[in-house]
Each structure stands twice: as C-alpha cells, then as structure tokens.
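Visitor: following is a predicted model, sequence given first.
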Amino acid sequence: MGKQEGNIYVFGALLIDWRQQQETCCMVFSRQVQIASSPMKRSQRTSPDGIVPEVWLSGRKRWCGGPVGMIRFRRKTYLAAAFCLVGFACILTLSYFWSQNSSLPKRMVRRGENICKGRLASGSISALSDNRTFVIAPYLDYRLEKVTRIIGIAHHEDVRPFYCWFCCPARDEAYISKALVAIHSDRFGFPYATADFLCLETADCEPHYVALHRHPREGTSPSLWFEIKNRRAETYPVEFTLCISTMFGGYNNVLQFIQSLEMYKLLGVQKVVIYKTSCGPLMENVLEFYVAEGMVEIVPWPITAFLNVSTEWRFKENGTQIGYYGQIPALNDCVYRNMYKSRYVLLNDIDEIILPVQYPDWKALMRRLQEQNPQAGVFLFESHVFPNNVFASDDVPSWGAVPGVDILQHVLREPDRKEVLNPRKMIVNPRKVVQTSVHSVLEALGESVDVPMEVAMVYHCRTPFQPYLGKGSLIRDTTLWRYNSSLVHAVSQVLRKIPL
C-alpha cells in the first residue's frame, strides 16, 4: 500500500464514528503536526505526560482527553471532526508532493568515452539552446554544502527544468543532478531576472567543468561546458575590490572616471572590475592605461546581443527585457568572482565614492566598523547627491581640455527629501553574501549594518534629483576637499601619461 492510499485508509477509519474516535483523531492529527517543522516546543505540543495533544477552544486550553463536563460533548465532536478533516487535507497534500518528489531523478552517472565532448564557453554571457536561458559563470560554493552555483539570467515566468552534468574525464563519467532554480526577487518589473542554478556535486571526483542541460537521459549530451570557478580558494590577496556595473552607452566621462579611480586608490582600493558593454574612444585609452597598470579588470558584457536592455532601472511597457544593461546579474557575478580574492567588495557606480567622514581611508573605516559589528558582513552607506550642474565659487584646479565632470567643483549637496529614503550602496564581505541587489543584499549569511552619515557617506556627483532647488538651498559639504592636494597631483600625473 502506497503512502497516499495508506493515509486515506487511516483517516477513513477515523471518520467512521466521530463520537468514539475523537481522542484517536486528535492524537493522529497531533502526530501529523509534529511531523511538520513546527517551531513550537515539545511542552507546547503535548500534555504534561508527553502524549496527549493540546486543542485550543475559545481562547482557553483544553485537553482532548479532559473531563466531559468542561465543554459540551457535541462541540468537542464537531471540533474533532474539523481537525480530522484539516489533517486529512494536509496528508493528501503532503502525499502528492511526496509522490512528485519520488519521481524526480536522483544523481545519475553516465559513462562513455566521449561523455564530456563539446566546446568550452569562452564569453562572459552564453545562451543555452532555448535562447531564453543565459549562463554567466558557475562557481563552487561550499559555505553550506558542496554546491555548484551557476549564475545566469532567466525569464521569471518560464523557469524550465535543467540538469547539471559534471564532467569527470579521468573516469569517462558524467555525474548528473537536477538543478534547483532560484530566481532573484529584485527584477523591478522586467521579465528577465538574475537566476541561480544550484546543483549538488558528487564526492567521487572533483569536477572542473559543468554543463547545464535540459535532459538527463543517455543518448543526449550537452554541447557547451563551463569551467567551475573558485575551485581553489585563495587567501584574500586583495583588501578592497570595487565592482562597477555597467559601462554602456558610449560612456566618455573621462575626467570624472580618472578622478574617481585616483580617489579609490587614495582610499585603499587595489582592484576595480568593470563590466563593459561600450564606451567612447577616449575612454578606451584610459581603460587600456589602467589595465596595463594592473588596477582594472575588464569583463566584456555583451548583454545587448542577447536581450533588449533598458537604460533605466524600472520597467516600462516599451519592449525591454532587463534593466540597466543587466546590472544585477553583473553585480552578483562580481561578488562570486572575487569571493576568495578580496577581503571586501564595494558595489557602487562610477559616479559614486564611498567617502569616510571620521576616518582617513577604507581600511581604518572598516576596521572600526567590523570591531563594532563582528557578525556583520554587509555595510550600507547612505547616498547623497552633489549636483554636477552647480559649481563651487572657490578657486579649484580645472582640466578644461579633458572631457567630463570635475568633481572638485561640486561640493554642494542636496538636502534630504522627507518623503524619500536615500538609497544606499555597500561594502560587503563577499563570503557572507548569497544574493545581492543594487542597494541591498537579498540573502546573506551575516548581519547588515546601516552606517550613519556622520561616519561615512556616498558622494554621488550626478544630475540633480531636485533641480528646482536654488544654490542657496543646497548644503555646502567639503569632505572631498580633504583629499584635494593628493587628488590633484595624482590626476595630473595620469593625464600626462595618457594620450587624450
């Protein structure tokens, strides 16, 4: 007799005579409740002798086997019947899911001389055969279990079943397990979202390549394989890595870019990762300089070859499929790409600088914040807009021949808007991040801390959020000028070396 048939038989017998079977029904239902993952303590689920379940009637505690005189017999009968019916429905539902799960294929092994045949993916984005699912990269994630996490992009309403094929070429074997698909909650109305494909690895080999395939059967094999990254954990050779996503639209704000990177150096960054779709010709020269210097890593980001992208973060009915050139999947990839390469990862845009107020640099800032919050892995800094169309009256250096915004001329910030919360950007311990969005972490293994503006803030030099404000309504904030002398010298040195 199967589980479902057995449960129907048991509850059918219990319902034959409600009056005679009420205590048994209560006990059976209590047992089913205990099977479920109830957070109640044992003392809350059982009677003082540890056997008889509790029933709550009219806000007062009663025992199914209590004195008949405490409540009317008929009322007990109806309640017992109701509980039995609820339990019956629960068991039918559980039985259905048990039957579904039992039909899912377990980890399988396929053997053959050419079991791992196919080509190795070389791009940063790859389309699978359905052209509706896209793979960025797989990463070994053994923080909770030995799992391969494949970061990708998928349609949130068309999540199809996939299987992970793990290649073990030394044994001419491929281990296959069904992928658990997790669609990230932040997609801001766009149909496509960041997706994690999670597969348990085998203990029989250390696979270095994985494929995401629609079928587990023999006679079919994947044609595209991906190298599993983070197989060898490094010991954080870098203290701070900055993730910038994404550079697009022929970006050519050369001066602000150089000033920002030199500010990052002064504050302690050692590596900057840029997901680049496109930029202007002068910016190409700048990027080549910083790549040769060893500071910048360029990740080609050809998102426009796969999806209709939007230049905005919120969805509009205009046929676009993913927001802001795929910013969120790029940020997630950057976190995992640097999980064991960097002690901290910063997630902000190129026109933003996380600026310490009470400390000289990020190292001193993070040392203090981590001492105060030892369990935290995510630190959020409030963003404040410094309009790039309002200039300081003070005499500051100017590089007029270089295209772009001179941030040293913009030290007037907008006041807070009462009805709007200021967005935040983050410094994270990447090993405590599971899923991230733009302004917050969606899933983490540690606590999140909102850092007060008096300690540090995000200097955001951009077009104004409040263009109706006059210059007299803005707040003079010269925190940036603490680095004036060092920044002017560094930028001048770079401009002498780059042919612009």
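Guide: The structure has been received and is ready for your questions.
Visitor: so the residue nearest to residue 437 when sequence neighbours are not counted: helix, strand or coil?
Guide: Distances taken as CB to CB, 6 or more residues apart in numbering put residue 186 closest to residue 437, at 4.0 Å, once the chain neighbours are dropped. (Glycine included, C-beta is placed from N, CA and C.) Assigned with DSSP: H, G, I helix; E, B strand; the rest coil, residue 186 falls in the coil class.
Visitor: could I get the contacting residues of residue 186?
Guide: 193, 194, 328, 437, 438, 442 (CB atoms under 8 Å, 6 or more residues apart in numbering).
Visitor: same question for residue 198.
Guide: Residue 198 neighbours (CB under 8 Å, 6+ apart): 147, 148, 149, 150, 179, 180, 181, 182.
Visitor: repeat that for residue 194.
Guide: 151, 152, 153, 183, 184, 186, 187, 328, 329, 332, 435.
Visitor: residue 416: which of these is nearest?
Guide: Of all those, residue 416 sits closest to residue 186, with 23.8 Å by CB to CB.
Visitor: need the helices for the stretch 251-400 of the chain, in chain order.
Guide: Along the stretch 251-400 of the chain, the stretches classed as helices by DSSP state H, counting those that start in this stretch are 254-267, 281-293, 327-337, 362-372.
Visitor: any idea which of those is most buried?
Guide: By mean neighbour count, with neighbours taken as mean count of other CB atoms under 10 Å, helix 327-337 ranks first of those at a mean of 25.
Visitor: could you list the residues in contact with that helix?
Guide: So helix 327-337 is in contact with 124, 136-137, 139, 141, 149, 151-153, 184, 186-187, 193-194, 229-230, 243, 245-246, 273, 275, 299, 301, 313, 345, 347, 428, 430, 433, 435-438, going by CB under 8 Å, 6+ apart.
Visitor: closest one of the contacts of residue 186 to residue 174?
Guide: Nearest member of the contacts of residue 186 to residue 174, counting by CB to CB, is residue 194, at 26.9 Å.
Visitor: could you check how far the closest one is from residue 327?
Guide: 10 Å (CB to CB, to the nearest Å).
Visitor: for residue 289, same thing?
Guide: If you go by CB to CB, the gap between residue 289 and residue 327 works out to 25 Å.
Visitor: likewise for residue 269?
Guide: Going from residue 269 to residue 327 by CB to CB gives 20 Å.
Visitor: same question, residue 132
Guide: Taking CB to CB, one finds residue 132 at 20 Å from residue 327.
Visitor: same deal with residue 225?
Guide: Taking CB to CB, one finds residue 225 at 27 Å from residue 327.
Visitor: for residue 465, same thing?
Guide: 19 Å.
Visitor: could you check how many residues crowd around the residue nearest to residue 391 when sequence neighbours are not counted?
Guide: In space, and not counting its chain neighbours, residue 391 is closest to residue 409: 4.9 Å by CB to CB, 6+ apart. Residue 409 is flanked by 18 other residues according to other CB atoms under 10 Å.
Visitor: right, and residue 409 touches residue 396 too?
Guide: Yes. Checked against CB atoms under 8 Å, the pair residue 409 and residue 396 is within contact range at 5.6 Å.
Visitor: quick one, phi/psi of residue 374?
Guide: Main-chain dihedrals, residue 374, degrees, to the nearest 10: phi -60, psi -20.
Visitor: mind listing what the closest residue to residue 408 other than its chain neighbours touches?
Guide: Nearest non-adjacent residue to residue 408, counting by CB to CB, 6+ apart: residue 396, 4.7 Å away. Contacts for residue 396 (CB under 8 Å, 6+ apart) come out as 406, 408, 409, 484.
Visitor: with residue 388 instead?
Guide: 405, 410, 461, 462, 463.
Visitor: measure it to residue 399 for me?
Guide: Applying CB to CB, the value for residue 388 to residue 399 is 15 Å.
Visitor: also residue 413?
Guide: Applying CB to CB, the value for residue 413 to residue 399 is 23 Å.
Visitor: hmm, back to that, among the contacts of residue 396, which are located in strands?
Guide: Per DSSP state E, strands hold no members of these.
Visitor: which of these ranks first by neighbour count?
Guide: Using other CB under 10 Å as the neighbour criterion, residue 408 leads the contacts of residue 396 with 23 neighbours.
Visitor: how many residues are close by the residue lying closest to residue 213 once chain neighbours are set aside?
Guide: Distances taken as CB to CB, 6+ apart put residue 222 closest to residue 213, at 4.1 Å, once the chain neighbours are dropped. Using other CB under 10 Å, residue 222 has 22 neighbouring residues.
Visitor: so residue 222 sits against residue 209, correct?
Guide: No. Using CB under 8 Å, residue 222 is not in contact with residue 209; the gap is 10.1 Å.
Visitor: ok so, going back, any idea how far residue 405 is from the residue nearest to residue 408?
Guide: In terms of CB to CB, residue 396 sits 13 Å off from residue 405.
Visitor: one more: residue 298?
Guide: From residue 298 over to residue 405 (counting by CB to CB), the distance is 22 Å.
Visitor: how close does the closest residue to residue 465 other than its chain neighbours sit to residue 287?
Guide: Among residues not flanking residue 465 along the chain, residue 385 sits closest, at 5.1 Å (CB to CB, 6+ apart). For residue 385, the distance to residue 287 equals 26 Å [CB to CB].
Visitor: swap in residue 165?
Guide: 37 Å.
Visitor: and what of residue 190?
Guide: 28 Å.
Visitor: please apply the same query to residue 179.
Guide: 36 Å.
Visitor: repeat for residue 175
Guide: 41 Å.
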